[in-house]
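> Would you be able to build a 3D model of this:
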Amino acid sequence: MNGYPVQLSGAPNTLMWAHEYEIEAQALQQLRNIATLPWIHGLRVMPDVHFGKGATVGSVIAMRDAVSPSAVGVDIGCGMEGVQTSLTAADLPDNLRALRSRIETVVPVGFRMHDNPVDRHKMSTATKWHLNELWDSFADLDEKVHNRRTRAAKQMGSLGGGNHFIEVCLDENDRVWLMLHSGSRNIGKEIAERHIGVAKTLQHNVDLPDAELSVFLAGTPEMDAYRRDLTWAQNYAAKNRAVMLDLVKQAVLDEFPTAGVSFGEQISCHHNYVAEEVIDGEKMYVTRKGAIRAGAGDLGLIPGSMGTGSYVVRGLGSVDSFASASHGAGRKMSRNKAKRSFTVEDLIAQTVGVESRKDQGVLDEIPGAYKDINEVVAAQNNLVEVVAFLRQIICVKG
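Have a look, this model is predicted:
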């Protein structure tokens, strides 16, 4: 055992898988603000915790009859998708630029989107069926986002920027894996920001320590509207990753046409979402912002930075953590500080052996801006067990 969890001073309902001295002052204040909310049952803090908007990234919050949309985040449903392939390192060429280029050709990155919505008939059967269901329910969303349907349809199957990525990785046995990280794109952000704005106007939120933590209350029209739109955005994010993975799989098949490539069972997990769960015998709204569910037997993906590797894990169902684990390594410095602290030459040195962008545009994603993924995973060995360690050999970023 590792000695965790520890209690946050001044917040008796808060357990942490990190020490206070490891957490920046702004994030500690956010955690204490959350702990004072009148609806809170408990707060759990993951080892990748860092400052966020309203609620910290790396926080798991259980509330009675209330949800704070900022405790979900603006990238609703952001998460991970991964799959093992039948390829091994021996099947790969020495130069991986062609495979990276092929992936970047079929999956738009950054602010780009598909010229036309991805043809559903080219998707796997499960992905295609779920897409039909998703678009059939678009008209139920808040009318203020109805004019975003065309954009949302073209962004389905696109990566975005920031810390989102597509990777080709090798495990300890040199088996090839595909992995990606993305969310609900612009439509999820617009839905989140609209509802956060509504929450701030509600009377019961006027005396909160931070207006960004404003909540919706169960049984109100505002909560019903948020849950409706949130659920749609979570589904959009999951389908976005499924479509992307289908596109990346096809890119691999096209790049290795004679290898008879097959794929294993996909691993999928949200890390910005809401769920209704039973905590300590009571039904609660549980928000995980930068955290994954780690119920007993649940498979999850905990990525590091673009040069340090990632972990496939299996949840242990910890009651202490509300069956949760971290979503990644977590930033140890802001994007602006990273750009001031490092150079492109540093980025090149820290991503040796990874076929990726190595320029000013991704300098804020340099491995040195993130916590040590190995230490983060070690800190939660009572929350998850390691299934595999993956080291990336290709990393696609926006």
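> Trp39 contacts Arg64, doesn't it?
Yes: with contact defined as C-beta atoms under 8 Å, Trp39 reaches Arg64; the gap is 5.4 Å. In short, each C-beta sits where N, CA and C put it, glycine included.
> More neighbours: those two, which one.
Neighbour count, other C-beta atoms under 10 Å: between Trp39 and Arg64, Trp39 has more, with 18 against 14.
> What values do phi and psi take at the more buried one?
Main-chain dihedrals, Trp39, degrees, to the nearest 10: phi -90, psi 0.
> From Met223, how far off is the closest residue to it other than its chain neighbours?
Spatially, and ignoring its direct neighbours in sequence, Trp39 is nearest to Ala66 (3.8 Å; C-beta to C-beta, 6 or more residues apart in numbering). Going from Ala66 to Met223 by C-beta to C-beta, to the nearest Å gives 8 Å.
> okay, and the common contacts of those two?
216-217 (C-beta atoms under 8 Å, 6 or more residues apart in numbering).
> The longest strand anywhere in the chain - contacts with which helices or strands?
For the chain, the strand reaching the highest residue count under DSSP state E is reported as strand 384-396. For strand 384-396, the elements it packs on are helix 97-106, strand 165-170, strand 175-182, strand 299-303, strand 310-315, strand 355-356, judged by 3 or more C-beta pairs under 8 Å, 6 or more residues apart in numbering; DSSP states H and E.
> Relative to Glu282, tell me which of the ones you listed wins on proximity.
Across the helices and strands packed on strand 384-396, Glu282 has its closest neighbour in strand 310-315 (21.1 Å, C-beta to C-beta).
> What helices and strands are in contact with the closest one?
strand 299-303, helix 373-378, strand 384-396.
> Pick the most deeply packed of the ones you listed.
Burial of the helices and strands packed on strand 310-315 is given as mean neighbour count (mean count of other C-beta atoms under 10 Å); strand 299-303 ranks first at a mean of 24.
> distance between it and the chain's centre?
10 Å (C-alpha atoms, centre = their mean, to the nearest Å).
> Centroid-nearest residue for the chain?
Centroid-nearest residue in the chain: Gly79, 3.2 Å away (criterion: C-alpha atoms, centre = their mean).
> I figured that one hits Arg288, correct?
No: at 9.9 Å, Gly79 does not count as touching Arg288 under the criterion of C-beta under 8 Å.
> if I look at those two, which residues touch both of them?
270-273, 327.
> From the residues you listed, keep the buried residues only.
Among the shared contacts of Gly79 and Arg288, those that count as buried by neighbour count (16 or more other C-beta atoms under 10 Å) are 270-273, 327.
> Widest-spaced pair of those residues?
Top of the distance list for these (C-beta to C-beta): Tyr273 and His327, 10.7 Å.
> any common contacting residues for the two?
By C-beta under 8 Å, 6+ apart, the residues touching both Tyr273 and His327 are 79, 288.
> Just give me the neighbour total for the residue nearest to Trp39.
By other C-beta under 10 Å, 20 other residues sit near Ala66.
> swap in the one 10 residues further on?
Residues lying near Ile76 (other C-beta under 10 Å) number 29.
> In this structure it contacts Thr231, no?
No: between Ile76 and Thr231 there is no contact, the gap being 9.3 Å when judged by C-beta under 8 Å.
> Please identify every residue contacting each of the two.
Contacts common to Ile76 and Thr231, judged by C-beta under 8 Å, 6+ apart, are absent.
> What lies in contact with stretch 133-151?
113, 152-153, 186-187, 190-191, 194, 225, 228-229, 232, 235-236, 239.
> go with 7 Å
For stretch 133-151, the external contacting residues (C-beta atoms under 7 Å, 6 or more residues apart in numbering) are 186-187, 190-191, 194, 225, 228-229, 232, 235-236, 239.
> can you redo those as JSON lines with secondary structure?
What follows is the contacts of stretch 133-151, written out as JSON lines (DSSP: H, G, I helix; E, B strand; the rest coil):
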{"residue": "Asn186", "secondary structure": "helix"}
{"residue": "Ile187", "secondary structure": "helix"}
{"residue": "Glu190", "secondary structure": "helix"}
{"residue": "Ile191", "secondary structure": "helix"}
{"residue": "Arg194", "secondary structure": "helix"}
{"residue": "Ala225", "secondary structure": "helix"}
{"residue": "Arg228", "secondary structure": "helix"}
{"residue": "Asp229", "secondary structure": "helix"}
{"residue": "Trp232", "secondary structure": "helix"}
{"residue": "Asn235", "secondary structure": "helix"}
{"residue": "Tyr236", "secondary structure": "helix"}
{"residue": "Lys239", "secondary structure": "helix"}
